[in-house]
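Visitor: quick one, fold the following:
(2 chains)
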There are 2 protein chains.
Amino acid sequence: MTEPRNAVYAQSGGVTAVINATACGVIQECRAHSNLIKGVLAANNGIVGILKEELFDTSLETDADIEKLRSTPGGAFGSCRFKLKAPSTSDPIARRIFDVFKAHDVGYFFYNGGGDSQDTTNKISTLSKQFDYPLHCIGIPKTVDNDLANTDTCPGFGSVAKYVAISVQEAGLDVRSMCETSTKVFILEVMGRHAGWIAASSGLAGNRESDPPHIILFPEIEFQKSTFLSRVKECVARHKHCVVVASEGVRDSEGTFLSDSGQRDSFGHMQLGGVAQELARSVTRNLGFKVHYAISDYLQRSARHIASQTDVDQAYAVGTMAVTAALEGKTDQMVTIERLQDEPYRWEVSTTPIQNVANVERKLPRFYITQDGFGITASARRYLEPLVQGEAFPNYVSGLPLYVRLKNKFVARKLQNFDLDD
Amino acid sequence: MTEPRNAVYAQSGGVTAVINATACGVIQECRAHSNLIKGVLAANNGIVGILKEELFDTSLETDADIEKLRSTPGGAFGSCRFKLKAPSTSDPIARRIFDVFKAHDVGYFFYNGGGDSQDTTNKISTLSKQFDYPLHCIGIPKTVDNDLANTDTCPGFGSVAKYVAISVQEAGLDVRSMCETSTKVFILEVMGRHAGWIAASSGLAGNRESDPPHIILFPEIEFQKSTFLSRVKECVARHKHCVVVASEGVRDSEGTFLSDSGQRDSFGHMQLGGVAQELARSVTRNLGFKVHYAISDYLQRSARHIASQTDVDQAYAVGTMAVTAALEGKTDQMVTIERLQDEPYRWEVSTTPIQNVANVERKLPRFYITQDGFGITASARRYLEPLVQGEAFPNYVSGLPLYVRLKNKFVARKLQNFDLDD
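Guide: Reported below is the predicted structural model:
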């Protein structure tokens, strides 16, 4: 039997309401196999914490606090947006990562993130072979965008879907009450840069034609102003009000984002925002209706108070599965969720080679969008409905959720400082 | 004993997550006194429905559906923004109101709204004397702005307060996770045109100096850009991130709103919005930090899924109290909530003459705001904390809240059409 080695767990990319449930799954499963895995070192701010040799000693956290991660949003260990170069043993960043792994006897690497992060997992996996360093390298899915390939869904998405559907249902009742003498059009801007999964989930709010959302704008469908405006006009004529859900990634016929804030992240992706305001202006100017708009931004992806139980369960399960897979000797894999049945929803966790996932973006299929491009189909509903089932309420103290803040103490450093900006 | 007469109940102004709980209280209490009150006619869209003789026959709604109003947000009967002229028996609008009351044997008028709506209640009360029409005229408080005088709080506010505090707590954990390599500043824009009660409630999210919100911008405190920016800079230096909560009503030294969308409602109030974007631009340009912002807009005031139990209880109680007061022979009163004790919170409902309330705006007292103008004091916390206690979760079906939609059938009309635009 081999000597137990340490695991490194790290969170990457935009965080979610349930990424800590995954951390909870990883740490609890490692603790259950302490004969095989010595301990879990959690990197401070993803891969950046590895480079800086900032590794939290999770063994100092109580079982009770680790359990509380299951119901705490955000990234308990910090996350990052940081892109690795093409794998090369002469890259100082690559060498540093493996120096740190070696110094801390790391035999397991669990990277919890979306498409860009799985690219990182894939590169580290390749580097481990180039360096001939024995490492079980497992990617764990996470992204509210739900755009990872080869998995039924991505932990984080189900809770955003639930939040967005409920918000539309509630705000829809509000504007419906106000429309006679005041606001007639309400616009909710939601996340989803290139894929309209979140926008689509708002469609769960309505069952009847008169129910909101009356118009959904997807990044997959080219935005045509005149069609949009006549649709709003028609909707107000019929229902006296109109609820619009717009993905931040809505683009015109030129492929230009309806609103580009100009800021870019380290992956070169634009930081979007302002679509709702753009649409609101257009409706007011052209149709004269009073408009209100909301931008959920981080609220939608951190809303642990209304997380989907299904999502929390899956987030936890992909965490434990990562450990199981690694202990079975697997590497270069990402954990996946497989749908066995729609109703009642049955699913199981599995794994897929990481190359099948890294940098592949899964868009909303066309048949999930109605012919006119403004709604979701029965197929989409069948896919989405199971993902928002169940309410995983956190505990409350004095009217507010009880979210844990870990001790987060670093293990002693063993290496020299490394200048990230070199 | 007098013959039983009908009651008219109407919802007015911006709706809330709990205004229907008040409707539930009014209707249930009237049903319990059917020997004294024949039935409840609910006006379609507030006072406008009275003018149009659009009165819903609530007797057609089942007890079960009326009970479901307690957990349904928005205004089940529709609301309005509509201002009455100074009371005069020669005003055609005034005459019409009393023609409708007479035609439908209305002896009780319950008007459920905020400051502007209580002005309407007051005018109708005055008119009933001018017309010598026997009417028990009772105002019922409702406003997320919490700015009504002579009441400890206003139903609707506690739930927004809870929503905002939780949202800040959650989004704060999100940005804290991202700040190392990405977003450093997060701004949440909240409602509150002239009074900073909602902005203040966000302060409940944090107990430690390092907890968000780090900066609260109140309409009561003059906004100074340079002070604000240096405060943000200092906060990021200390905590690596900064969470700002900004009231939509933030004003500069000239008294100009930081952002004025230009739209005005029928009371001449500006429709505000865009403060968050304005602040975000300023932070990015001057400090270079990556910023995200959210605008809750209607989401905050319709979020029944996370309503405060205290708020729901109070909303219901002011409804029943309105009926009790009317049956005791009272008129020209608004129902109030009186605080008997902070902790444990004890309260009771009472009434106050309507003139004490109409058009009086209660601002956040200066001693609720810290010396530096950016936070809340212990006194504010003592006031606010009881209002967000308890979680009044609605029932869920298939992952979404079960909100009722009433039949809303009009009673037969007895009068000619009335042209509102005359």
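Visitor: who touches the residue nearest to residue A:176 when sequence neighbours are not counted in this structure?
Guide: Among residues not flanking residue A:176 along the chain, residue A:241 sits closest, at 5.5 Å (C-beta to C-beta, 6 or more residues apart in numbering or on different chains). Where you see a C-beta, it was placed from the backbone N, CA and C, and this is true even at glycine. With contacts defined as C-beta atoms under 8 Å, 6 or more residues apart in numbering or on different chains, residue A:241 is in contact with A:175, A:176, A:178, A:179, A:183, A:184, A:185, A:186, A:235.
Visitor: mind doing that once more with 7 Å?
Guide: Residues in contact with residue A:241 (C-beta atoms under 7 Å, 6 or more residues apart in numbering or on different chains) are A:175, A:176, A:179, A:184.
Visitor: ok, it to chain B distance?
Guide: According to C-beta to the nearest C-beta, to the nearest Å, residue A:241 stands 10 Å off from chain B.
Visitor: check residue A:402 too.
Guide: 10 Å.
Visitor: tell me the contacts of that residue?
Guide: Neighbouring residues of residue A:402 by C-beta under 7 Å, 6+ apart: A:394, A:395, A:396.
Visitor: now with 6 Å?
Guide: When contacts are counted by C-beta atoms under 6 Å, 6 or more residues apart in numbering or on different chains, residue A:402 touches residue A:395.
Visitor: for residue A:167, same thing?
Guide: residue B:299.
Visitor: check the secondary structure at residue A:221 for me.
Guide: Assigned by DSSP: H, G, I helix; E, B strand; the rest coil, the conformation of residue A:221 is coil.
Visitor: leaving out the residues flanking it, which one is nearest to it?
Guide: The spatially closest residue to residue A:221, leaving aside those adjacent along the chain, is residue A:373, at 4.1 Å (C-beta to C-beta, 6+ apart).
Visitor: related to what we said a few turns ago, pLDDT score for the residue nearest to residue A:176?
Guide: On pLDDT, residue A:241 comes in at 98.
Visitor: now do residue A:5
Guide: We note a pLDDT of 97 for residue A:5 in this prediction.
Visitor: skipping its backbone neighbours, what lies nearest it in space?
Guide: In space, residue A:5 is closest to residue A:107, 3.1 Å off (C-beta to C-beta, 6+ apart).
Visitor: am I right that the one you found is in a strand?
Guide: Yes: per three-state DSSP, residue A:107 lies within a strand segment.
Visitor: okay, now it: neighbour count?
Guide: Applying other C-beta atoms under 10 Å in any protein chain shown, we find 20 residues neighbouring residue A:107.
Visitor: do I have it right that it meets residue A:7?
Guide: No: look at residue A:107 against residue A:7 with C-beta atoms under 6 Å: they stay out of range, at 7.3 Å.
Visitor: all helices for the stretch 101-250 of chain A, in order.
Guide: Residue ranges of the helices in the stretch 101-250 of chain A, as given by DSSP state H, counting those that start in this stretch, are A:115-130, A:157-178, A:197-201, A:225-239.
Visitor: pLDDT of the shortest one, averaged?
Guide: Think helix A:197-201. 98.
Visitor: from the contact counts, what lies against that helix?
Guide: Identification of packing neighbours for helix A:197-201 by 3 or more C-beta pairs under 6 Å, 6 or more residues apart in numbering or on different chains; DSSP states H and E yields helix A:157-178.
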